[in-house]
Structures are given as structure tokens and as C-alpha cells.
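# just coords:
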């Protein structure tokens with residue numbers, strides 16, 4: 001758990017308490033201060049949650065990459081089995097994707113080569 005989450009939660013709780021005291025006392029300044037502290041705590045808590053999520057995603061990606069590096073044959077087999085299953089589940093979609101890729105490759109390969117114009121000419 002990130003320290004920003006802990007500090008943010010504490011600020012959020014303190015802001016709620018300050019806002020409640022302001023409500024009871026009828027002090028608008030204390031209410032506003034409590035709401036501001038609560039909002040700052042919420043933002044800091046969300047920032048900590050985002051940092052935790054990024055850290056978890058990076059750890060997961062690193063783990064997958066290490067597994068793929070350590071066991072390339074199994075990774076390739078698992079990937080090909082997953083693709084085969086997707087094709088069996090949705091053959092029309094797979095056909096459309098394959099056709100789109102083929103069309104894009106045909107467009108890329110059929111373009112004429114662009115040659116730069118000559119930089120100088122010899123007149124003699």
C-alpha cells in the first residue's frame with residue numbers, strides 16, 4: 001500500500017471531522033476548511049491508488065515477460081492455442097481481420113517507389 005493512500009485517507013477523515021464540527025458549531029469557515037481538507041485527502045488517496053495500480057501492472061507485465069523469456073515454446077504454444085480458439089469462436093470476424101490485414105499489405109506493397117529528384121544536373 002502506498003503512503004499517499006494512507007496519508008490521503010487520514011486527511012480525508014480529518015476533513016470530514018472538521019466539516020462535522022463546523023456543521024455543529026454553525027461556522028462556515030470551519031465547514032469550508034473541512035471540505036477543502038477532505039477533497040485534498042481524496043485526491044491524495046486516488047493518487048496513491050493510481051500509483052499502486054501502475055506498480056501492480058508493471059509487476060504483472062514483468063512477470064509475463066519473464067515467463068515468456070524462460071519458457072518461449074510454452075508461450076508460443078499458449079498464444080497459438082488462444083488464437084485458434086478465437087478463430088473457432090468467431091470465424092467471420094477472423095476472416096474479416098485477415099482480409100483487412102491482407103488489403104493493407106497489398107496497398108503498402110503496390111505503391112511505386114518514390115525517388116528523390118536529382119540534386120544537380122550536368123549540362124555539357
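Noted; the coordinates are in hand. Treat the numbers as computed from the prediction; the structure is a model and nothing was measured.

# burial of residue 67, as a residue count?
Residue 67 is flanked by 13 other residues according to other C-beta atoms under 10 Å. For glycine as for every other residue, the C-beta is placed from the backbone atoms N, C-alpha and C.

# list the contacts for it?
Going by C-beta atoms under 8 Å, 6 or more residues apart in numbering, residue 67 touches residue 75.

# do you know how far it is from residue 100?
Taking C-beta to C-beta, to the nearest Å as the measure, residue 67 falls 31 Å from residue 100.

# what's the following helix or strand after the top helix by length along the chain?
Across the chain, the helix with the greatest residue count (assigned by DSSP state H) is helix 28-70. Moving toward the C-terminus from helix 28-70, the next helix or strand (DSSP states H and E) is helix 72-89.

# now the angle from whichever helix or strand comes after that next one to helix 72-89?
The C-terminal neighbour of helix 72-89 among helices and strands, as given by DSSP H and E, is helix 91-110. On the basis of axes from the mean of the first three to the mean of the last three C-alpha atoms, to 10 degrees, helix 91-110 is oriented at 110 degrees to helix 72-89.

# you'd agree residue 22 is up against residue 28?
Yes: assessed by C-beta atoms under 8 Å, residue 22 is found in contact with residue 28 at 7.2 Å.

# Comparing those two, which residue is more hemmed in?
Between residue 22 and residue 28, residue 22 has the larger neighbour count (other C-beta under 10 Å), namely 18 against 10.

# Assign that one to helix, strand or coil.
helix (DSSP: H, G, I helix; E, B strand; the rest coil).

# next one: residue 120
With three-state DSSP as the basis, residue 120 sits in coil.
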